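Undergrad: Here is a sequence with its predicted model. Questions after.
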Amino acid sequence: ATTKTHIGNFKFENCFMNAAGVYCYDRNELEQVINSAAGTFVTKTATLQSRPGNPEPRYHDTALGSINSMGLPNLGFDYYLDYLLELQKTHPDRTFFFSLVGMSTEDTHALLKKVQESDFNGITELNLSCPNVPGKPQIAYDLETTEKLLTDIFSYFKKPLGVKLPPYFDIVHFDQAAAVFNKFPLSFINCVNSIGNGLVIEDESVVIKPKNGFGGIGGEYIKPTALANVHAFYKRLNPSIKIIGTGGVLTGQDAFEHILCGASMVQIGTTLHKEGPAAFERITNELKAIMDKKGYKTIEDFRGKLKYL
Ligand SMILES: O=C(O)c1[nH]c(=O)[nH]c(=O)c1Cl
């Protein structure tokens, strides 16, 4: 079996990649993903200026997943663009993802205009779902603002663009959000970002410093929510808008389920943070074993073919 995939006209030898925020802060981490079994990588979400992020401790692993309130620490847009342009020379056959968001609407437009005017020829992932910047709401929970933002963006941005979404929890919200996204020539949507503002306690204390311990939840806790969002949008969106599945992927079986729900690419966050880039080879082999056993040659043989009772 092969786990190769495509997003629009971009082909990838493997349908696995990191989730933004994990193993993607600097060149060293990104190089490790390039040299792993992953099919591609996405950068840490970049802002116009570099950011130190929230006070530590701001990330904590638990038996069933993770909690984080990083606060968008990153080396700044130019650092990642420079590296991506260098990779276009050293790895001309590969396509990479550039995650970004502005701290204001004006900054977001400034960033995307810089991408549009640059020689970057990969895919841009606009992060509409960071839950950890105090005072900043998750943009994609405000569908009116999201529609206005995308309308303005697509008036000048002509390169491949997708959006990273927070989980939705109401069927009506799936309907309303899908109606917005179907208005735009998006390359993909990525479901889901961490479930925002969870709380993990050990003994009598929170485990992270920012926001009195409130942070985004990842790992096993969120797979049912992630699968539901992948499938809900798969059923509602124009087939030209691909789905990237993120959330709760520990094994090949978890990845199989994301693809069954409609995902064309699968991102790994918490598991990658815990296990390191070797996780890509393990999970890829586990998925191939499942496909071989079931007689599926490519992921298109079962993508989106979730059975109902
Ligand atoms: O706190 C973060 O940096 C962060 N943490 C997340 O779990 N998701 C995001 O999109 C971001 Cl931007």
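TA: Ah, there it is. From a predicted model like this one, the values you see are computed outputs, not experimental measurements. Numbering: from 1, shown residues only.

Undergrad: Tell me the residues of the chain that contact the ligand?
TA: Contacts of the chain with the ligand, taken as Cβ under 6 Å from any ligand atom, map to 21, 45, 68-72, 127, 129-130, 132, 193-194, 216. C-betas here are computed from N, CA, C, even on glycine.

Undergrad: switch the cut-off to 8 Å
TA: 20-21, 44-45, 53-54, 58, 68-74, 101, 127, 129-133, 164, 193-194, 196, 215-216, 218, 269 (Cβ under 8 Å from any ligand atom).

Undergrad: So which of those residues are in strands?
TA: Those of those mapping onto strands are 68, 127, 164, 196, 215-216, 218, per DSSP state E.

Undergrad: now the residues you listed: which count as buried?
TA: With burial judged by 16 or more other Cβ atoms under 10 Å, the buried subset of these is 68, 127, 164, 196, 215-216, 218.

Undergrad: So what sits opposite residue 40 in the bridge?
TA: residue 17 (DSSP bridges).

Undergrad: Surely it and residue 17 touch.
TA: Yes: applying Cβ atoms under 8 Å, one finds residue 40 in contact with residue 17, separated by 4.9 Å.

Undergrad: Next up, identify which helix or strand residue 254 is on.
TA: Element membership of residue 254 [criterion: DSSP states H and E] is helix 252-260.

Undergrad: Phi, psi for residue 288 please.
TA: When read as degrees, to the nearest 10, the backbone of residue 288 gives phi -60, psi -40.

Undergrad: okay, the residue lying closest to residue 274 once chain neighbours are set aside: pLDDT?
TA: Nearest non-adjacent residue to residue 274, counting by Cβ to Cβ, 6 or more residues apart in numbering: residue 61, 5.9 Å away. pLDDT for residue 61: 98.

Undergrad: now residue 230
TA: Per the predicted model, pLDDT is 99 at residue 230.

Undergrad: so it makes contact with residue 260?
TA: No: applying Cβ under 8 Å, one finds residue 230 not in contact with residue 260, separated by 9.2 Å.

Undergrad: who's more crowded, the two?
TA: The neighbour comparison of residue 230 against residue 260 (other Cβ atoms under 10 Å) goes to residue 230, with 29 against 20.

Undergrad: Run through the strands of the stretch 51-200 of the chain in chain order.
TA: In the stretch 51-200 of the chain, the strands defined using DSSP state E, counting those that start in this stretch lie at 59-62, 65-68, 97-100, 123-127, 161-165, 188-191, 195-199.

Undergrad: ranking these by burial, who's on top?
TA: Sort those by mean neighbour count, taking mean count of other Cβ atoms under 10 Å, and strand 188-191 sits at the top with a mean of 28.
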